[in-house]
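> Could you look at this predicted model? Sequence included:
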Amino acid sequence: MSSKAMKLLEKTRNIGIVAHIDAGKTTTSERILFYCGREHRMGEVHEGTAKMDWMEEEQERGITITSAVTTLSWKGSRINLIDTPGHVDFTAEVERSLRVLDGAVGVFCGVGGVEAQSETVWHQADRYRVPRIAFVNKLDRLAADFDQVVESIRERLDADPIPIQIPIGRESDFVGVVDLVEMKALRFDEESLGKKILIEEVSGELRDAAQEARESLIDVASRYDERIIEQFANGETIDSDLIKSAIREGTLAGEITPVLAGSSLRNKGVQPLLDAICDYLPSPLEVPPIKGIHPSTEEEVLCPPDPDSSVVALAFKTFATRHRDLTYVRIYSGTVREGDRLTNTSNDRVERVGQILRMHASETERVHEAHAGDLVALVGFKQTSTGDTLSARDELVRLEALRFPETVITLSIEPRSAGDRDRLENTLKRMAREDPTFVVRIDEETGEILVSGMGELHLEVKTHQLINEYKVEARVGRPRVSYWETISSEGQGAGSFDRNLGGRNHFAQVAVKILPNADSGVSFHDQTLPGTVPDEFGSALRDSAIAAAESGPLGGYPMRGVGIELVDAKAHETDSSEMAFAAAAASAVDRALGEAVPILLEPIMRLEVRVPTDYLGDVIRDLGGRRAEVSSIGHSGDIQVVSGMVPLAEMVGYSTTVRSLSQGRASFSLEPHDYGPVPSELQAKILGF
């Protein structure tokens with residue numbers, strides 16, 4: 001690698017902004033754009049002018065729906081930034097963003113602290129081992145409490161938050177922060193929109209609090225650099241560069257989380273946050289090289305962040321505009337140039353790079369090449385989906401695919417006229433390609449078009465896009481829960497096929513055992529002796545058995561947690577065929593399912609309701625009638641926080657109810673947790689027995 005390429009990578013930061021909805025994530029991103037000189041006017045979420053919320057649906061609703069990518073410069077560093085959604089219904093956007101990021105900023109409301117989606121995105125980042133810093137926002141708000149938020153990060157996220165700043169003033173008197181590393185007070189000038197920062201000595205009562213906080217910081221930093229202990233023991237002034245280096249080491253190891261303070265809306269604390277991104281979050285050179293496998297040999301392959309190596313990139317998002325299809329990629333290794341042909345090792349197709357674009361939300365800047373460490377959009381790809389790997393044709397690599405949560409709610413869509421059906425189906429398939437958690441299927445029995453998603457808001461947004469943006473006339477049904485089926489005991493079944501068709505006889509006999517399986521979906525295992533099923537018929541038997549178990553016997557819902565074991569089979573020397581074994585396997589599975597006591601499963605959601613104390617009793621009583629299991633009732637300021645589990649079926653339309661119960665002052669969030677058995681009396685009602 002050349003020294004120029006090395007220096008560029010050292011100064012690159014691929015980071016995401018993650019948070020619970022309304023924590024101020026997009027406002028923070030907008031301030032970052034402003035102070036980096038990317039925008040000359042601050043965009044505001046409440047005015048619908050936020051640059052990163054560029055979709056019509058986002059501007060109308062005042063929430064982030066799709067992750068937006070931009071590239072910025074700050075004090076010689078290049079920051080590739082992704083602003084992610086905060087609503088749990090769009091968690092797939094967070095998932096695929098964290099998969100390709102090297103670091104993240106967790107934004108927390110100074111009043112609400114750690115909220116439901118905060119936990120979700122934090123644990124997503126844990127799964128991908130993404131180093132983080134935390135920004136406690138909205139410290140100008142009534143009841144904001146920096147220390148309480150830090151403690152909630154420690155308790156609820158199982159993290160080790162280390163304040164590197166403390167706020168100056170509380171609530172409406174919040175004016176700035178104390179930088180504990182440099183031991184300086186930073187006050188942000190309001191007339192210059194925070195551009196002018198007044199740097200002062202820390203004095204008065206504030207100095208005592210800052211000194212105590214700095215000693216705690218130094219104690220943590222000394223774990224990572226013994227020179228700090230030596231300077232402290234000798235009574236020397238602690239070198240601030242040593243402190244920064246130690247904090248960086250602990251952050252990159254995922255052992256500590258530096259915490260900063262501010263109020264993005266009031267233009268306070270954002271520039272020090274940018275400094276912290278550059279000081280403490282990793283460059284592409286400081287994260288372990290991503291591991292892939294060779295698609296043919298299955299051997300492990302390391303992909304170093306070297307522009308001179310073979311190309312390896314991951315498609316983490318696809319997006320279709322009216323004029324072109326965009327494939328967002330993270331380039332892990334090599335250099336991609338316009339005109340290159342890359343192999344999609346996930347489907348063995350070859351794609352040609354038409355154009356390479358640096359993204360600024362919805363705006364683009366064309367470049368002719370992109371290198372390891374870059375986040376860019378490629379134009380011209382037709383057969384690449386989210387999670388696919390792109391690699392050089394002479395050195396193939398496949399990276400681990402992205403995984404997304406199962407959908408929990410479904411509705412039907414039908415065209416206004418029969419002539420519109422093809423256009424409706426094609427548009428829905430295009431939307432599903434962009435969003436892996438938007439699933440489209442056609443009921444084989446009724447021909448009904450069904451779409452499934454992560455929640456009511458998710459499907460509402462998608463249907464609005466279908467009608468308003470894609471201009472497809474359609475009728476939309478009411479949301480209904482996506483049930484599953486499983487089995488509660490073992491079952492056995494035998495099937496045979498012995499029939500003369502097309503002038504020849506077809507024969508096969510199959511016996512299977514079906515048993516509950518902890519793994520999701522349907523699995524198949526051949527327990528017979530080798531040669532029992534002739535090799536040429538094995539695949540047909542297996543595929544037919546799995547297909548027969550994918551649709552449940554109760555209501556035709558998808559099956560999960562079912563293991564099929566082939567225990568016996570018989571073939572004829574001349575009369576057996578693929579068709580015979582497929583038919584016998586399907587019959588055997590059907591009979592075994594009937595013995596295995598099938599049951600209905602429903603999605604169980606993790607629930608959090610935030611409600612003023614005066615309305616707590618009414619909310620608890622209402623939840624009791626919804627089969628909710630309340631696990632805890634805590635508080636955040638004067639707000640009671642009710643946490644627990646509840647069946648999704650009981651929460652359809654809950655937003656209207658909880659607003660009514662609290663005079664519009666309560667809020668809630670639902671997050672998919674698991675599937676659980678439906679009570680027998682409700683199962684009969686759902687199935688129409």
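All right, it came through fine. Keep in mind it's a predicted model, so treat the numbers as computed, not measured.

> buried residues in the lengthiest strand in the chain?
The strand that spans the most residues within the chain, counting by DSSP state E, is strand 598-612. For strand 598-612, the neighbour count (16 or more other C-beta atoms under 10 Å) marks 598-611 as buried. For the C-beta atoms, the positions are set from N, CA and C on the backbone; glycine is no exception.

> Repeat that for stretch 521-529.
Val522, Phe524, Asp526.

> so who does the second one touch?
Residues in contact with Phe524 (C-beta atoms under 8 Å, 6 or more residues apart in numbering) are Arg542, Ala545, Ile546, Gly563, Ile564, Leu566.

> State the phi and psi torsions of Ile686.
phi -60, psi -40 (degrees, to the nearest 10).

> for Gly531, same thing?
phi 90, psi -10.

> For Val178, see how far away it is.
As judged by C-beta to C-beta, to the nearest Å, Gly531 and Val178 stand 77 Å apart.

> out of these two, which sits in the busier spot?
Val178 (26 against 8; other C-beta atoms under 10 Å).

> Just the ones of the contacts of Phe524 in strands?
Per DSSP E, the subset of these in strands is Gly563, Ile564, Leu566.

> In TSV, list these along with pLDDT, distance to Val439 and neighbour count.
Converted to TSV, these look like this (pLDDT from 0 to 100; distance: C-beta to C-beta, whole Å; neighbours: other C-beta atoms under 10 Å):
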residue	pLDDT	distance to Val439	neighbour count
Gly563	94	24	19
Ile564	96	24	25
Leu566	97	30	22
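
> contacting residues around Leu314?
Arg99, Val100, Val329, Arg330, Tyr332, Gly387, Asp388, Thr389, Leu390, Leu399.

> residue nearest the centroid of this structure?
The centroid of the chain falls nearest to Glu95 when counting by C-alpha atoms, centre = their mean (2.2 Å).

> Secondary structure element for that one, which one?
helix 91-100 (DSSP states H and E).

> avg pLDDT for that helix?
Mean pLDDT, helix 91-100: 83.

> Who are the packing partners of that helix?
Judged by 3 or more C-beta pairs under 8 Å, 6 or more residues apart in numbering; DSSP states H and E, the packing partners of helix 91-100 are strand 12-19, helix 116-127, strand 312-320.

> residue ranges with poor pLDDT in the stretch 51-200 of the chain?
51-66, 86-88 (pLDDT under 70).

> which residues in it form helices?
Using DSSP state H, counting those that start in this stretch, the helices assigned to the stretch 51-200 of the chain run over residues 56-61, 91-100, 116-127, 146-157.

> So which of those has the densest surroundings on average?
Per-stretch averages of neighbours, counted by mean count of other C-beta atoms under 10 Å, single out helix 91-100 among the helices of the stretch 51-200 of the chain, with a mean of 24.

> What lies in contact with it?
Here helix 91-100 has contacts from 14, 16, 18, 65-67, 82, 84-85, 104, 117, 120-121, 124-125, 127-128, 130, 314, 316-317, 330, 375, 386-387, 402-405, 435-437, 454, 671, using C-beta under 8 Å, 6+ apart.
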